[in-house]
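# Need a 3D model of the sequence below.
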Amino acid sequence: MAKNLYMVVENFRGGDPVPVYRRFRERGRLAPVGLRYIDSWVAADFSRCYQLMECEDRRLFEHWISHWEDIVQFEIVPVVTSPEAVEVITAKL
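Numbering: from 1, shown residues only. Below you'll find the predicted structure:
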């Protein structure tokens, strides 16, 4: 099964990052086996985080989100790399 990339947009409820960072410090990422964190970026105002993650089974996100949804609102977007996008789009030019 192919691994797929996802951009996860985490909007901190109430724009407050403190509960998120506190839980992460105390309990870790809480991701199930098979859901791999690659990298992340945080908005300059600390209201949201963008995480690049990889997995074979998108259903793994359900388990992970269940640990965070009380303090984070999630948007999960399937993404491809820029080189992959160029390859697909070039074939249509």
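
# can you pull out the strands in this protein?
Along the chain, the stretches classed as strands by DSSP state E are 4-12, 36-42, 48-55, 72-79.

# Can you add mean pLDDT and distance to R27 and give these back as TSV?
The C-beta positions use only the backbone N, C-alpha and C, and glycine is treated the same way. What follows is these, written out as TSV (pLDDT from 0 to 100; distance: least, CB to CB, whole Å):
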stretch	mean pLDDT	distance to R27
strand 4-12	98	16
strand 36-42	98	14
strand 48-55	98	16
strand 72-79	98	13
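
# Ok, which of those comes nearest S66?
Of all the strands of the chain, strand 72-79 sits nearest to S66, with 10.7 Å by CB to CB.

# list the buried ones in the closest one?
V72, I76 (16 or more other CB atoms under 10 Å).

# Kindly report the same for stretch 12-31.
Buried residues in stretch 12-31, counted by 16+ other CB under 10 Å: F12, P17, V20, R23, A31.

# ok, now stretch 49-63?
The neighbour-count check on stretch 49-63 (16+ other CB under 10 Å) flags C49, Q51, M53, C55, L60, F61 as buried.

# With the flanking residues excluded, which residue is spatially nearest to the first one?
Just to be clear, that refers to C49. Leaving aside its sequence neighbours, C49 sits nearest to E10 (CB to CB, 6 or more residues apart in numbering; 4.4 Å).

# distance of that neighbour from N4?
Applying CB to CB, to the nearest Å, one obtains 18 Å for the distance of E10 from N4.

# So for these two, which sits in the more crowded spot?
With neighbours defined as other CB atoms under 10 Å, E10 and N4 compare such that E10 has more, 23 against 14.

# what pairs with that one across the strands?
E10 forms beta bridges with C49, F74, as assigned by DSSP bridges.

# got it, and W41?
Beta-bridge partners of W41, counted by DSSP bridges, are Y50.

# where's it relative to E10, distance?
In this structure, W41 lies at 11 Å from E10, with CB to CB as the measure.
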